[in-house]
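Engineer: Predicted model and sequence follow; I will ask about them next.
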Amino acid sequence: MEGAGELQTRIMRQFGFALRDPNPNIRFLALEGIGRFPDPALVEHVLPLLEDKDKYVRWKAIQVAGALGLPSVRHSLELLLHSPDPTTRTLAAQALGGTGKAEVLPSLLDLATREAAPRVRQTVIKNLHRFGSQIPWDFLARCIRDPDLGVRIDTAITLGNAAPHDQACDILINLLEQESNNHVFATALMSLGRFRKEILLGYFQHSLLHQESRIRANAVEAMGNLPFRTVEQLVVPYLRDPSNRVKANVMGLYLQNGMGPRVLGEVRALLTSSQRWERASGAWLLGTYRVSELTPYLFSLLNDEEPAVAERAAWALGQLRSPGLFDDLLREWGKAKQWAVPAFLSAFRRVARLENVPSLIAMLEKDRNPRTKATIIDILTGLRALMARSAVEKLIWDPEQRIRISALLYMAATAGSSANEMLVRALDDPSPRVRQLCAEALLEKGDFRALRTLAALLTEPEKQQRVLGGLALRDLSGTGAIVVPPTGP
C-alpha cells in the first residue's frame, strides 16, 4: 500500500506533468491544485507560466507564485507590477503584499503612486498593515484624501487593522474630521473603535447624533470597545432608535457585558416585530450572544415568510450549541410550512452532531423530498458518519441529480480510495454538474484520471471567477459605485 509520503510525491509529479500540458485548462487546474498544496519543488514549473499565452493561466500562476512565497519568485512578480493589464497588476500586488516582507514595499508604493486604476491602489493599501514597523504612515496619510471612495474606505480599514499604532489612530482622526461621505465616515468610525481609547469617546458620542443610521450603529459598536460604565448612559436612549441596527447594537452591549436580563424585553420585542429587519436583528442577537432562554422564538422564526429572517434564525440556532437542540428541532420539523423547508434544513445542518446520525438516517429513509434527502446526505458527509454508508450507498445512482451528487460526494469523503472507481464511473453521468463534482473529488484524492474530464467542463466565466475570487470587473477597471451593506446587522 502506498504511504502518505509516496502518495504526495506521486501527486506532485503528476502536477508537474500537467503544468506542461498543451491544454491551458489542464495547466490552470494543475495550478489550482498546487495552490491548495504549495510545494516549493514545483516553483521551476510555475515561473514560466507567469508568461503563459492564456491569460487565466497567467493570472492563476501569479496567485500560486505568491502562495509559494519564495525569494526566487519576487523579481518576477515585481516585473508584473508594470504590466499594461490592470488585473495582472492587481494580482501581482496582492501576491507581494500578502508576504508582509519589507523588501517588496518600495515596489508596491511605487505602483500605488503611479497607478490610475483605484482597484490596484486598493489592493496595495489593503495589505499595508502586514508590514509592522515598516508601515508607510506618510503614504496612508495621503490616501485618506484620495478622490476614490473605495481607496478611502480601504485606507480606513487598514488603519484599523494597524491598531494599536498611534500613527494610525491620528490619521483616522484626520480622516473623520475632513470626510463628507457617509460610507467612508462610518467605516473609519468602526476602525477608530479598535484603538480602545476612552479619550476618543467624544467622536463616538458626536456620531450618535448623525442622521445616517449606519453611522449611529457603528458609533454604538465602536463604543463597545470601551468600558461599559463609561458608555452606558450615553447609549441607553438609543434603545428607542428608529433603526433596527442601532437598537440591536445597544442591546448587544448589555448582553456582552453580562447584563442581558435588563434588555430581554427589548430583544423579545424585536423578535415579534412586524418589521422583518427587526426580527432578523433579534435572531442575530440570540445567535451572537447565545441567549438560549429565548430559543422558542427562533423555532417560530424558521417559519417566517421572509427568507432572510428564517435563515438568520437557522444561523442563530447553530450558534446556541444547546444540548438537545437537534431533538427539539426534529419535533418542530413536523410543523414546518412548505416555504420554511430550506430554513429548517439549514438549521439541521448547523445543529447536527454525531449522536444525531441515527435520527438523520431515519429522516433520509422516510422523506421523499429530493432537496431534503440531498441535504441530509450532505450533513452526514460533513459529520463523516460512517454508520450511514449502507443507507447512502444505495442512492449513488438515484434518478434525481442532486441526490446522486450528494451520495457520490459522501462516498468520496468517507470511503477512501475504494470510492475512486465509483467516481470514475460517474464521469460518464449525463449531468455536467455530476461529472464536474466527481472529477474534482477524484483530483483531490490524487486520481488524475479525471483531469481531462474536468478540463473539458471548465468555462471562461468559471476560470475568471476562480481567479478573481469575487472581485467585480468594474473594480478592476477602476470604476463603479460602492456596494452598501444590508440594513440588518
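Structural biologist: Received the coordinates, thanks. Numbers count the residues shown, from 1 in each chain.
Engineer: Could you check how far stretch 141-161 is from the centre of its chain?
Structural biologist: 22 Å (CA atoms, centre = their mean, to the nearest Å).
Engineer: cool, and stretch 26-45?
Structural biologist: Distance, centroid of stretch 26-45 to centroid of chain: 23 Å (CA atoms, centre = their mean).
Engineer: And stretch 202-210, by the same measure?
Structural biologist: With CA atoms, centre = their mean, you get 31 Å for stretch 202-210.
Engineer: Tell me the buried residues in that stretch?
Structural biologist: Under the neighbour-count criterion of 16 or more other CB atoms under 10 Å, stretch 202-210 has Tyr203, Phe204, Ser207, Leu208, His210 buried. Any C-beta I mention is one placed from the backbone N, CA and C, and that applies to glycine too.
Engineer: Among the residues you listed, name the ones in helices.
Structural biologist: Counting by DSSP state H, the buried residues of stretch 202-210 place Tyr203, Phe204, Ser207 in helices.
Engineer: Distance to Gly252 and pLDDT added to the buried residues of stretch 202-210, as TSV?
Structural biologist: Compiled in TSV, the buried residues of stretch 202-210 are given as follows (distance: CB to CB, whole Å; pLDDT from 0 to 100):
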residue	distance to Gly252	pLDDT
Tyr203	20	95
Phe204	15	97
Ser207	17	97
Leu208	15	97
His210	19	97
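Engineer: And the average pLDDT for stretch 375-392 is what?
Structural biologist: Across stretch 375-392, the average pLDDT comes to 97.
Engineer: Which strands and helices lie in contact with the helix or strand that contains Val46?
Structural biologist: Here Val46 is covered by helix 43-46, with elements defined by DSSP states H and E. In this structure, helix 43-46 packs against helix 4-19, helix 55-68, helix 71-80, with contacts taken as 3 or more CB pairs under 8 Å, 6 or more residues apart in numbering; DSSP states H and E.
Engineer: and of the ones you listed, who's closest to Gly97?
Structural biologist: helix 55-68 (8.9 Å; CB to CB).
Engineer: Could you check the angle that closest one makes with helix 71-80?
Structural biologist: 140 degrees (axes from the mean of the first three to the mean of the last three CA atoms, to 10 degrees).
Engineer: ok now helix 55-68, how far from the chain's centre?
Structural biologist: With CA atoms, centre = their mean, you get 21 Å for helix 55-68.
Engineer: Run through who's touching that helix.
Structural biologist: With CB atoms under 8 Å, 6 or more residues apart in numbering as the test, helix 55-68 has contacts from 24, 27-28, 31-32, 34-35, 38, 40, 42-43, 46-47, 49-52, 73, 76-77, 80, 85, 87-88, 91-92, 94-96, 98-99, 460, 463-464, 466-467.
Engineer: Equivalent analysis for stretch 9-29, please.
Structural biologist: 2, 30-31, 33-34, 37, 39, 41-42, 45-46, 49, 52-54, 56-57, 60, 443, 446, 448, 451-452, 454-456, 458, 463.
Engineer: How about stretch 298-314?
Structural biologist: 271, 276, 279-280, 283-284, 286-287, 316-317, 320, 328-329, 332, 335-337, 339-340, 342-344, 346-347, 350, 488.
Engineer: Just the ones of the residues you listed in helices?
Structural biologist: 271, 276, 279-280, 283-284, 286-287, 316-317, 320, 328-329, 332, 342-344, 346-347, 350.
Engineer: Which SSE is immediately downstream of the one helix or strand Ala439 maps to?
Structural biologist: Element membership for Ala439 (DSSP H and E) is helix 432-444. Note on helix 432-444: by DSSP H and E, the next helix or strand toward the C-terminus is helix 451-457.
Engineer: list the helices and strands that following helix packs on?
Structural biologist: helix 24-36, helix 432-444.
Engineer: Please identify the most buried of those helices.
Structural biologist: Per residue and on average, the most neighbours among the helices and strands packed on helix 451-457 fall to helix 24-36, with a mean of 23 (mean count of other CB atoms under 10 Å).
Engineer: Export the helix or strand encompassing Asn420 to PDB, keeping only CA atoms.
Structural biologist: According to DSSP H and E, Asn420 maps onto helix 420-426. In PDB, the C-alpha atoms belonging to helix 420-426 read as follows (Å, rounded to 0.1, in the frame of the first residue of the first chain):
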ATOM      1  CA  ASN A 420     -12.400   6.100  -6.800                       C
ATOM      2  CA  GLU A 421     -13.800   3.600  -9.300                       C
ATOM      3  CA  MET A 422     -17.400   4.600  -8.400                       C
ATOM      4  CA  LEU A 423     -16.400   8.200  -9.100                       C
ATOM      5  CA  VAL A 424     -14.700   7.300 -12.400                       C
ATOM      6  CA  ARG A 425     -18.000   5.600 -13.500                       C
ATOM      7  CA  ALA A 426     -19.800   8.900 -12.600                       C
END
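Engineer: Next up, phi/psi of Ser274, please.
Structural biologist: For Ser274, the backbone dihedrals (degrees, to the nearest 10) come out as phi -80, psi -10.
Engineer: so what's it up against?
Structural biologist: No contacts exist for Ser274 under CB under 8 Å, 6+ apart.
Engineer: Look up how far Pro118 lies from it.
Structural biologist: 42 Å (CB to CB, to the nearest Å).
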